[in-house]
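**Q** Could you work out the structure for the sequence below:
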Amino acid sequence: MFFIDLHIHSRYSRACSKDISIKNLSKYAKIKGLNLLGTGDFTHPEWTKELKQELVPAEDSGLDTSFGKGIYLSRDKFPFIFQTEISLIYTQDGKGRRIHNVIIAPDFETALQITDELKKRGRVDYDGRPIFKISCPDFVEMLRKISPDIEVIPAHIWTPYFSLFGEYNQFSKVEDCYKDQTKHIHSLETGMSSDPAMNYRLSQLDKYNLVSFSDIHSFWPWRIGREATILNLNKEISYKSILTALRTGENIIGTIETNPNYGIYHYTGHRNCNVCVDPVESKKLNQICPKCHQKMTIGVLERVEQLADRAPGFKPKTVKPFYNMIPLSEIISGIYDTGLATRKCWDIYNLLIEKFDNEFNILLNVSEEELAKVCDPKLVESIINVRHGKVNVKPGYDGLYGIPIFGDKEIIQKPLNIKSKTIPKLKEQKSLSEF
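**A** I've put the predicted structure just below:
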């Protein structure tokens with residue numbers, strides 16, 4: 001099982017942590033259990049300089065590794081491939097459109113060619129996720145002329161404002177957006193507010209590979225890898241083998257998902273009025289907030305209902321397993337009633353990592369009996385309940401995260417402003433029996 005997260009941002013993207021670096025991304029990817037990351041933001045000139053300094057092609061590393069062409073290694077030998085996200089804002093068929101696309105490139109040289117081509121059409125130095133007035137069909141065609149090995153993946157396809165099927169754009173088919181270039185779209189990123197089961201309800205999506213990535217704005221373990229795609233790569237790991245998996249679906253064996261209720265746009269609602277409603281209630285209200293009488297932000301679940309041609313619970317003949325997870329830090333925070341960035345939460349988290357290697361291993365594999373040797377019963381129970389989908393999550397809406405409920409207690413996380421130096425060192429840790 002090879003875990004990849006190909007939707008990353010740098011500190012040069014708007015609203016992202018200023019502490020994001022290749023070193024921190026590598027460190028926390030290993031702690032999470034990821035095996036490969038996208039670089040994020042390869043069009044930004046300052047981040048490009050850092051990528052050039054920090055990454056070396058695997059074949060030039062002098063190491064005897066299983067990594068092939070197109071894989072770049074950090075100083076601590078963690079693998080990356082070149083990736084960015086581009087925002088396209090344009091007019092099509094008399095209506096404004098706003099689409100985010102994840103782009104992966106076969107090597108550093110191709111990433112530079114993409115950047116040079118984009119610079120002919122606008123600036124790339126003001127944001128790690130730059131905006132261009134290019135239609136999606138023209139954008140895909142432009143990239144294909146640079147290299148047929150560049151891959152475009154529509155990002156978080158259901159979110160309301162910058163996505164393929166979101167309420168703002170009102171596209172009802174992939175072909176409506178990408179026109180004659182649809183033939184070059186192979187995978188769709190489902191986003192946090194939907195999971196594969198929701199996407200199965202649209203028969204038109206059966207021909208696409210459903211992938212999940214985290215779209216992180218920081219490197220902390222409750223963000224990095226919160227969604228990921230699982231590959232089965234037994235032979236050489238190269239850009240070509242990853243690209244083949246994304247294009248054909250072969251060797252994609254599943255995805256890591258957050259519970260879709262956890263996503264910030266799952267339900268319809270209006271945050272300023274504390275109004276959150278399901279699709280049935282939204283229809284009764286004509287999508288109008290009952291308090292302020294303005295239109296609500298239409299959630300992902302409602303958009304799926306509008307476009308679905310299958311009943312809930314339908315499964316295509318060939319489906320890949322997916323695992324709904326809640327980040328381990330949030331489980332600990334909920335059980336011990338402490339903040340995500342507190343010393344207590346870090347101490348417990350680090351002890352579990354020290355014992356069981358990484359977070360994915362803890363959440364997916366470690367037996368209840370093994371957990372019980374180092375955890376108190378309430379933490380063991382919660383980890384197992386998350387593994388089996390037995391933890392309820394109060395739905396997120398209009399930009400607010402959903403709220404996990406452990407027992408009868410809602411866990412509401414406050415905004416975080418933390419720096420690396422606040423993290424306790426392993427040598428300062430206590431034993432779990434002390435908590």
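**Q** neighbours of residue 78, just the number please.
**A** Counted with other C-beta atoms under 10 Å, residues neighbouring residue 78 total 20. Every C-beta, even on glycine, is put in place using the N, C-alpha and C of the backbone.
**Q** Can you tell me the closest non-neighbouring residue to it?
**A** Nearest residue to residue 78, sequence neighbours excluded (C-beta to C-beta, 6 or more residues apart in numbering): residue 26, at 3.8 Å.
**Q** hang on, that neighbour in a helix?
**A** Yes. Using DSSP: H, G, I helix; E, B strand; the rest coil, the assignment for residue 26 is a helix.
**Q** Go ahead and confirm it touches residue 72.
**A** No. Judged on C-beta atoms under 8 Å, residue 26 makes no contact with residue 72 at a distance of 11.3 Å.
**Q** For residue 15, see how far away the closest residue to residue 313 other than its chain neighbours is.
**A** Of all residues beyond its chain neighbours, the one nearest residue 313 is residue 197 (7.6 Å), with distances taken as C-beta to C-beta, 6+ apart. The gap separating residue 197 from residue 15 is 30 Å, by C-beta to C-beta, to the nearest Å.
**Q** Ok, residue 205 next?
**A** Counting by C-beta to C-beta, the gap from residue 205 to residue 15 is 29 Å.
**Q** between these two, who's got more neighbours?
**A** Using other C-beta under 10 Å as the criterion, residue 205 and residue 15 rank with residue 205 on top: 20 against 8.
**Q** ok, the more buried one touching residue 199?
**A** Yes. Residue 205 lies in contact with residue 199 (C-beta under 8 Å); the separation is 5.3 Å.
**Q** Now for the two: what residues contact both?
**A** Each of residue 188 lies in contact with both residue 205 and residue 199 under the rule C-beta atoms under 8 Å, 6 or more residues apart in numbering.
**Q** now the helices for the chain?
**A** Secondary structure of the chain (DSSP state H): helices located at 22-32, 45-54, 108-119, 136-146, 174-178, 196-199, 239-248, 279-284, 300-307, 328-336, 343-356, 359-364, 368-372, 377-387.
**Q** Figure out which of the ones you listed is closest to residue 399.
**A** helix 300-307 (12.5 Å; C-beta to C-beta).
**Q** Next one, pLDDT for the closest residue in space to residue 264 that isn't next to it in sequence please.
**A** Residue nearest to residue 264 in three dimensions, not counting chain neighbours: residue 396, with 4.7 Å by C-beta to C-beta, 6+ apart. Confidence per residue is given as pLDDT, and for residue 396 that number is 98.
**Q** how many neighbours does residue 396 have?
**A** The burial count assigned to residue 396 is 27, neighbours taken as other C-beta under 10 Å.
**Q** repeat for residue 193
**A** A count of nearby residues for residue 193, using other C-beta under 10 Å, gives 29.
**Q** Verify the stated contact: residue 21 with residue 11.
**A** Yes. Residue 21 lies in contact with residue 11 (C-beta under 8 Å); the separation is 7.3 Å.
**Q** Neighbour count: the two, which is higher?
**A** For residue 21 versus residue 11, the count of surrounding residues by other C-beta under 10 Å is larger for residue 11: 21 against 18.
**Q** so how far is residue 72 from the nearest residue to the more buried one once chain neighbours are set aside?
**A** If you skip the residues right next to it in sequence, residue 11 has residue 20 as its closest partner in space, 4.2 Å away by C-beta to C-beta, 6+ apart. Taking C-beta to C-beta as the measure, residue 20 falls 17 Å from residue 72.
**Q** same thing with residue 269?
**A** With distances defined as C-beta to C-beta, the gap from residue 269 to residue 72 amounts to 42 Å.
**Q** Could you do residue 221 as well?
**A** Residue 221 is 23 Å from residue 72, by C-beta to C-beta.
**Q** do the same with residue 214
**A** Relative to residue 72, residue 214 is positioned 19 Å away (C-beta to C-beta).
**Q** and if you look at residue 11?
**A** Noted for residue 11: a distance of 19 Å to residue 72, by C-beta to C-beta.
**Q** and if you look at residue 81?
**A** From residue 81 over to residue 72 the distance is 7 Å, taken as C-beta to C-beta.
**Q** Quick check: neighbours shared by those two?
**A** Shared contacts of residue 81 and residue 72, counting by C-beta under 8 Å, 6+ apart, come down to residue 39.
**Q** Might you report the residue contacts of residue 249?
**A** Residue 249 touches 209, 320, counting by C-beta under 8 Å, 6+ apart.
**Q** Please report phi then psi for it.
**A** Here the main-chain torsion angles of residue 249 (degrees, to the nearest 10) amount to phi 90, psi -10.
**Q** How about residue 178: what's its closest non-neighbour residue?
**A** Spatially, and ignoring its direct neighbours in sequence, residue 178 is nearest to residue 136 (5.1 Å; C-beta to C-beta, 6+ apart).
**Q** For the residue nearest to residue 264, give me its contacts.
**A** Counted by C-beta under 8 Å, 6+ apart, residue 396 has contacts 193, 261, 262, 263, 264, 265, 266, 267, 402, 403.
**Q** ok, the last one touching residue 394?
**A** Yes. Distance between residue 403 and residue 394: 4.1 Å, which falls inside the contact criterion (C-beta under 8 Å).
**Q** what separates residue 21 from residue 209, distance-wise?
**A** Relative to residue 209, residue 21 is positioned 31 Å away (criterion: C-beta to C-beta).
**Q** try residue 324
**A** In this structure, residue 324 and residue 209 are separated by 19 Å, where distance is defined by C-beta to C-beta.
**Q** With residue 195 instead?
**A** The spacing between residue 195 and residue 209, counted by C-beta to C-beta, is 15 Å.
**Q** and what of residue 40?
**A** Going from residue 40 to residue 209 by C-beta to C-beta gives 21 Å.
**Q** higher neighbour count, these two?
**A** With neighbours defined as other C-beta under 10 Å, residue 40 and residue 209 compare such that residue 40 has more, 31 against 19.
**Q** For the more buried one, give me the pLDDT.
**A** Taken from the predicted model, the pLDDT recorded for residue 40 is 98.
**Q** do the same with residue 235
**A** In this prediction, residue 235 carries a pLDDT score of 74.
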